[in-house]
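Asks: For reference, the sequence and a predicted model appear below.
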Amino acid sequence: MRICFVQPELPVDAVSGGGIHRYTWIMAQSLAGLGHEVFVVQCGHGSGREVARRDGVTVHTVPIDPEHRFFRLFRNRVRSIPEVSRAYSIHEALARIHAEHPIDVIEAPEFLGQGRFGFARLPGVARVTRLHTPTWLARRLNGQPPTFDAWFLDRMERSQLGLSDAVTSPTEALAERVRRHWRLERPIEVIPNCIPPATAWEAQDATPPEGPDPDILYFGRIEPRKGILVLAEALDTVLREQPGAHAVFVGEDVRHGDGTLGDAIRKRLARYGDRVTVRPALPWPALRGVVARARVVVFPSLWENFPMACLEAMTLGRAIVATDQGGLGEMIEDGVSGRLVPPGDAGSLAGAILDVLRTGKDAQLGKGAAARAERYSCTEIVPRMASFYAAVADRKGRGASA
């Protein structure tokens, strides 16, 4: 089959990026390895279009252009115009690819509705929306107020689902939440995200940055919905009761009040000095070196879909402490492959972290996490996803290039 992914995060490569980025690259590379012809359309900060081959995948990079044609008429009134213009640029790239290499399946994330125009203009192609985290849910979890732009992006995302021939979700938790919010009656196929085996990363340079090995590690976006402030409160207890422990945060920091959330963490835990480190996002090889040395990796999200960060930590055999909401509760068995606590409960979070550190359960839980991660291996998930794509394409009367 010819399969094309839409990937709105920047940039797409094998060593960096957020959850949508990591999912897209792993799936695209794995499908190419099975013999499928795979394309990825992404946006870049340059002014021109680029086409490159990376590990068997053809990557089309298009510019993010807020001045795109008629969208310039609204740029001073609607803040979401860059996202709309980006979606239109993606549509144009999809049309060019399809004209030269007829596509069997297009998959786009629901986030920001980046596949909406392409789905509308290419009705003969099998169109699949992959749920990650809709804008309305991310904003709600981050405590952001309703705005016209948020409403508009919600309509973009909902419209894309309406144009889709199929919808998939990594977890039943997200599928159910989306069904309720958008009052969907259509089926949503639950297919988890996948991860290559840890041995696939051994050739990469995993030299971590200088600094002490983390006893407690968080990595991912440093934003409110990830439960960062709850973790900072819990660490006040953990670091007080474990005088030799070090805590490390790694990730893209976001604005918070007059500074950033990283600033708020440093201020909250200032009494512990260099026992608390907040680092910017790292390329995956260097980050892997940090993760592999951590005793406990914490994911304190208020709600979560299927975090690739957690799956990566599980694959590396790390002890996980996470909240029991959303997909994390589906990924982890409490007491076997990690510890689960209620979201927003700093006391329970601190207690679970201390229990792992004091009792030496990190090795046992790490083994359980690595064993659990095997059910999400690419060898298990990718053929399942390919079969699903083929079935959707067959229903559209396509699949001629298979």
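Replies: Okay, I see it. Numbers count the residues shown, from 1 in each chain.
Asks: those helices in the stretch 301-402 of the chain, which residues are they?
Replies: Along the stretch 301-402 of the chain, the stretches classed as helices by DSSP state H, counting those that start in this stretch are 308-315, 328-331, 346-359, 362-373, 378-395.
Asks: List the buried residues in the longest one.
Replies: Along helix 378-395, the positions that meet the burial threshold by neighbour count (16 or more other C-beta atoms under 10 Å) are Cys378, Ile381, Val382, Met385, Ala386, Phe388, Tyr389, Ala390, Val392, Ala393. For glycine as for every other residue, the C-beta is placed from the backbone atoms N, C-alpha and C.
Asks: closest to Cys43 out of the helices of the stretch 301-402 of the chain?
Replies: Among the helices of the stretch 301-402 of the chain, the nearest to Cys43 by C-beta to C-beta is helix 308-315 (20.0 Å).
Asks: Please enumerate the helices of the stretch 101-250 of the chain.
Replies: Using DSSP H, counting those that start in this stretch, helices in the stretch 101-250 of the chain cover 116-121, 135-141, 148-163, 172-182, 228-241.
Asks: export the fourth one as CSV, just CAs?
Replies: Taking only C-alpha atoms (Å, rounded to 0.1, in the frame of the first residue of the first chain), the coordinates of helix 172-182 have been written out as CSV:
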residue,chain,number,x,y,z
GLU,A,172,-10.4,3.0,25.1
ALA,A,173,-10.3,5.8,27.6
LEU,A,174,-9.7,8.5,24.9
ALA,A,175,-12.1,6.8,22.5
GLU,A,176,-14.9,7.0,25.1
ARG,A,177,-14.1,10.6,26.1
VAL,A,178,-14.1,11.7,22.4
ARG,A,179,-17.4,9.8,21.8
ARG,A,180,-19.1,11.7,24.7
HIS,A,181,-17.7,15.2,23.8
TRP,A,182,-18.5,15.0,20.1
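Asks: what does that helix rub up against?
Replies: 110, 131, 133-134, 136-137, 158, 161, 169, 184-185, 188, 190, 305-306, 325-327, 329-330 (C-beta atoms under 8 Å, 6 or more residues apart in numbering).
Asks: what does the shortest one give?
Replies: Contacts with helix 116-121, where a contact means C-beta under 8 Å, 6+ apart, come from 6, 87-88, 90-91, 94-95, 106, 108, 127, 156-157, 159-160, 163-164.
Asks: And the helices of the stretch 101-250 of the chain: which comes nearest His60?
Replies: helix 116-121 (12.1 Å).
Asks: Give me the distance from the closest one to the chain's centre.
Replies: Mean-position distance between helix 116-121 and its chain equals 23 Å (C-alpha atoms, centre = their mean, to the nearest Å).
Asks: pLDDT averaged over it - what is it?
Replies: Throughout helix 116-121, pLDDT has a mean value of 94.
Asks: hmm, back to that, ok, the contacts of helix 116-121 vs Val51, which is closest?
Replies: Leu94 (13.5 Å).
Asks: tell me which element the closest one falls in.
Replies: Under the criterion of DSSP states H and E, Leu94 resides in helix 81-100.
Asks: Any buried residues in that helix, and which?
Replies: Residues of helix 81-100 classed as buried by neighbour count (16+ other C-beta under 10 Å): 81-94, 97-98.
Asks: so what does it touch, helix or strand wise?
Replies: strand 2-7, strand 37-44, strand 57-63, helix 116-121, helix 148-163 (3 or more C-beta pairs under 8 Å, 6 or more residues apart in numbering; DSSP states H and E).
Asks: what residues does stretch 227-239 touch?
Replies: With contacts defined as C-beta under 8 Å, 6+ apart, stretch 227-239 is touched by 216, 218, 222, 245, 247, 249, 261, 264-265, 268-269, 272, 275-276, 298-302, 323, 343-347, 349-350, 353-354, 357.
Asks: I'd like the distance between Thr323 and Arg139.
Replies: In this view, Thr323 and Arg139 are 19 Å apart by C-beta to C-beta, to the nearest Å.
Asks: who has more neighbours, the two?
Replies: The residue with more neighbours, out of Thr323 and Arg139, is Thr323; 26 against 17, by other C-beta atoms under 10 Å.
Asks: Next one, pLDDT for the more buried one please.
Replies: With respect to pLDDT, Thr323 scores 97.
Asks: Please apply the same query to Leu217.
Replies: Value for Leu217, per-residue pLDDT: 98.
Asks: Report the contact partners of Pro109.
Replies: Val6, Gln7, Pro8, Ile20, Gly115, Thr129, Arg130, Leu131, His132.
Asks: 7 Å instead?
Replies: Applying C-beta atoms under 7 Å, 6 or more residues apart in numbering, we find Pro109 in contact with Val6, Pro8, Ile20, Arg130, His132.
Asks: again with Val125
Replies: Residues in contact with Val125 (C-beta under 7 Å, 6+ apart) are His98, Ile103, Ile106.
Asks: Sort out which residues of stretch 312-329 are buried, please.
Replies: Of all the residues in stretch 312-329, those buried under the rule 16+ other C-beta under 10 Å are 312-323, 325-329.
Asks: ok, the nearest residue to Trp136 once chain neighbours are set aside to Leu137 distance?
Replies: Excluding its sequence neighbours, the residue lying closest to Trp136 (C-beta to C-beta, 6 or more residues apart in numbering) is Asp154, at 4.9 Å. Here Asp154 is placed at a distance of 10 Å from Leu137 (C-beta to C-beta).
Asks: With Phe111 instead?
Replies: As judged by C-beta to C-beta, Phe111 and Leu137 stand 10 Å apart.
Asks: Among the two, which residue is more densely surrounded?
Replies: Neighbours per residue, other C-beta under 10 Å: of Phe111 and Leu137, the larger number sits with Phe111, 25 against 21.
Asks: pLDDT wise, what is that one at?
Replies: Per-residue pLDDT puts Phe111 at 92.
Asks: Isn't it up against Ile20?
Replies: Yes: the criterion here is C-beta atoms under 7 Å, and Phe111 meets it with Ile20 at 6.5 Å.
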